[in-house]
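Chemist: Okay, sequence plus prediction incoming.
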Amino acid sequence: MQYKTIDELLKSEPTHHEIIVRGWVRSFRSNRFIALNDGSTIKTLQCVVDFENFEEELLKKVTVGAAIEVSGLLVESQGQGQTVEIQVSKLTVLGEANPEEVKLTILSPKRHSLETLREQAHLRIRTNTFGAVMRTRSKLAFAVHEYFQKNGFNYMHTPIITGSDAEGAGEMFRVSALDAKNPPLDENGNVNYKEDFFEKETNLTVSGQLEAETYAMALGKVYTFGPTFRAENSNTSRHLAEFWMIEPEVAFNDLDANMDLAEDFIKYVVNYALENCADDLEFLENRLLEEEKNKPQDERSEMKLREKLKFILENNFKRVSYTEAIDILKRSKPNQKKKFKYIIEEWGADLQSEHERFLVEKHFKSPVILFDYPATIKAFYMRLNDDGKTVRAMDVLFPGIGEIVGGSQREERYDVLKQKMEAMDISTEELYWYLDLRKFGSAVHSGFGLGFERLVQFTTGMGNIRDVIPYPRTPGNAEF
Ligand code: 4AD
Ligand code: MG
């Protein structure tokens, strides 16, 4: 007796051997055909039951969502759509699923919106859509490691609890072991964190970059891939309070090399998904086509999902300076006709997602890397250009997503960095170790951060970031 996954069985020849399969019932037609899924593939295995040979009471328990084990011969399928099926000789119901309750989530996923399924996050993974998304997510995560490991990068685990604010944006979740009802106070009446667990204020990390820089300046090439946390009150389809970020950091790389790395890396992982998630991407592509049928013609995408992914692979990302981008935006129709919510008036303006999407989706019709942003709208650690007003920053902008990568060449000059930190009110005391790095063998180095969920969103075509992470954390929601 062999135990194999449904994915393996569907790829095999009809062996006419006895096998055992376990999974969850997707449908049971005519008291004869069970469609069984075990999560190994989006496909189901047809299990043919001669109902005359089974107890009626037993067959009644074969309902959608029930866990069952069947054994029987693997034979050629008489039906269409599969080459093999199993002739069931033994059937055991491992776990029943009450049909009345199950209906709500998995019986007819099409009839339930993604929003409703979000409230059933422990069960939504039983739907085809979430199965396809999460299998693809897993493959993408593997591809991330494969890319960096093949290219000589060291995987580095950066701390999750930190004392610093890597982005200097103040969007942190505090970590404290103090009694919230009765915290110790200092002489000014403020909470005295010297009496807290770490004897200082600590928070969940917003980025592993600063620590990754210290390791890059010893190991050469490093990358992180871990959870990051932001207490920004953004209720959008692209923001999470807890998300996974990939942050490569490379000694001696300048901004051009950084852009090359970002482009090469993204192409590698997207290609990996195309090659290794064919069935799931086909399903997701059709799902998207269905969804778009309800939209007006001009809101439908010009390319199907897999065409969009191939387009990314086959075309160079357009590299455009911030200054050029502002010129394009100023002259653009939506700006002239005041269709943008935020009108671009002058150089120095921060770009909103409407502007980024205009550049990518309407103007260039390709992924865009914007670089050399005004120093005033970017983080303290970015290298100042000789013009004294722009920094060596880069953002990779993607169709449908907007910013997928943010990165920069880092300020490697001690005095310049110190001045910038002081001007931007970043504590040089707190970050003494980061400044120290500029005293001992400092050199040009660069890196970037890619939001993993935004990559999964792009690859799977899902419109809302909450639907590409198992248990989304957003303002007002930490259920499960
Ligand atoms: O642009 P960000 O804030 O850059 C950094 O954190 C740098 N320290 C990265 C580096 O240079 N090592 O964030 C990087 C990326 C964004 O481009 C976006 O894809 C994603 O992280 N991101 C989010 N994804 C989901 N939800 C959020 N709230 C996100 N904030 C950023
Ligand atoms: Mg950014």
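Modeler: Received, thanks. Ligands and ions are numbered 1, 2, ... in the order given.

Chemist: The stretch 151-300 of the chain: strands as residue ranges?
Modeler: Using DSSP state E, counting those that start in this stretch, the strands found in the stretch 151-300 of the chain span residues 154-155, 161-162, 174-175, 202-204, 221-229, 242-251.

Chemist: Oh, that last question was meant for the stretch 301-450 of the chain, not what I typed.
Modeler: Under DSSP E, counting those that start in this stretch, the stretch 301-450 of the chain gives strands at 318-321, 368-374, 390-398, 402-409, 445-451.

Chemist: Which among those strands is found nearest to residue 113?
Modeler: strand 402-409 (23.7 Å; Cβ to Cβ). Every C-beta, even on glycine, is put in place using the N, C-alpha and C of the backbone.

Chemist: The closest one pairs with which strands, and in what direction?
Modeler: Sheet pairing of strand 402-409 (DSSP bridges) gives strand 390-398 (antiparallel), strand 445-451 (antiparallel).

Chemist: between that strand and strand 368-374, what angle do the directions make?
Modeler: Angle, strand 402-409 to strand 368-374, by axes from the mean of the first three to the mean of the last three Cα atoms, to 10 degrees: 50 degrees.

Chemist: Quick one: mean pLDDT for strand 402-409?
Modeler: In this model, strand 402-409 has a mean pLDDT of 97.

Chemist: who in the protein is up against ligand 1?
Modeler: Counting by Cβ under 6 Å from any ligand atom, the residues of the chain close to ligand 1 are 166-167, 207, 209, 230, 232, 239-240, 243, 245, 247, 403-408, 447-451, 453-454.

Chemist: Only the buried subset of those, as a PyMOL command please.
Modeler: Filtering the residues of the chain next to ligand 1 down to the buried ones (16 or more other Cβ atoms under 10 Å) takes a single PyMOL command:
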select buried, resi 166+167+207+209+230+239+240+243+245+247+403+404+405+406+407+408+447+448+449+450+451+453+454
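
Chemist: For stretch 45-57, buried residues please.
Modeler: Per 16+ other Cβ under 10 Å, stretch 45-57 contains these buried residues: 45, 46, 47, 48, 49.

Chemist: Mind checking which of those residues land in strands?
Modeler: Secondary structure defined by DSSP state E assigns 45, 46, 47, 48 of the buried residues of stretch 45-57 to strands.

Chemist: can you put the residues you listed in CSV and add distance to residue 289 and pLDDT?
Modeler: Below are these laid out as CSV (distance: Cβ to Cβ, whole Å; pLDDT from 0 to 100):
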residue, distance to residue 289, pLDDT
45, 26, 96
46, 26, 96
47, 30, 97
48, 32, 96
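
Chemist: List the residues that contact the nearest residue to residue 235 once chain neighbours are set aside.
Modeler: Using Cβ to Cβ, 6 or more residues apart in numbering and skipping the chain neighbours, the partner closest in space to residue 235 is residue 475 (5.8 Å). Counting by Cβ atoms under 8 Å, 6 or more residues apart in numbering, residue 475 makes contact with 233, 234, 235, 241.

Chemist: can you list these in a markdown table and add pLDDT?
Modeler: Converted to a markdown table, those look like this (pLDDT from 0 to 100):
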| residue | pLDDT |
| --- | --- |
| 233 | 88 |
| 234 | 88 |
| 235 | 90 |
| 241 | 97 |
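
Chemist: Can you tell me what sits against stretch 21-30?
Modeler: 3-4, 6, 9, 33-39, 44-45, 47, 62-71, 86, 94, 97, 126.

Chemist: Can you say which of the residues you listed are buried?
Modeler: Buried members of those, counted by 16+ other Cβ under 10 Å: 4, 6, 9, 34-38, 44-45, 47, 62-68, 70-71, 86, 97, 126.

Chemist: Which members of those occur in helices, if any?
Modeler: 6, 9 (DSSP state H).

Chemist: Just want the phi and psi numbers for residue 343.
Modeler: Here is the backbone geometry of residue 343 (degrees, to the nearest 10): phi -80, psi 130.

Chemist: Nearest spatial neighbour of it, chain-adjacent residues omitted?
Modeler: residue 335 (6.0 Å).

Chemist: Local confidence estimate at the one you found?
Modeler: As predicted, residue 335 sits at a pLDDT of 96.

Chemist: How many neighbouring residues does it have?
Modeler: 18 (other Cβ atoms under 10 Å).

Chemist: can you check residue 467 too?
Modeler: Residues near residue 467, counting by other Cβ under 10 Å: 22.

Chemist: OK, contacts around it?
Modeler: Residue 467 sits in contact with 114, 117, 118, 129, 130, 133, where contact means Cβ under 8 Å, 6+ apart.

Chemist: which two in these are spaced the farthest apart?
Modeler: 118 and 133 (12.7 Å).

Chemist: which sections of the stretch 1-150 of the chain are below the confidence cut-off?
Modeler: 1-2, 103-112 (pLDDT under 70).

Chemist: still on that earlier bit, check the ones in strands among the buried residues of stretch 45-57 against ligand 1 and report the nearest one.
Modeler: residue 45 (36.8 Å; Cβ to the nearest ligand atom).

Chemist: Nearest to residue 309, out of the buried residues of stretch 45-57: which one, please.
Modeler: Nearest member of the buried residues of stretch 45-57 to residue 309, counting by Cβ to Cβ, is residue 45, at 28.4 Å.

Chemist: what pairs with the closest one across the strands?
Modeler: residue 36.

Chemist: All further residue positions should be reported with the first residue as 58.
Modeler: Done: numbering now begins at 58, and the last item shifts to residue 102.

Chemist: which residues touch it?
Modeler: Applying Cβ under 8 Å, 6+ apart, the residues near residue 102 are 63, 66-67, 78, 80, 92-95, 139, 141-143.
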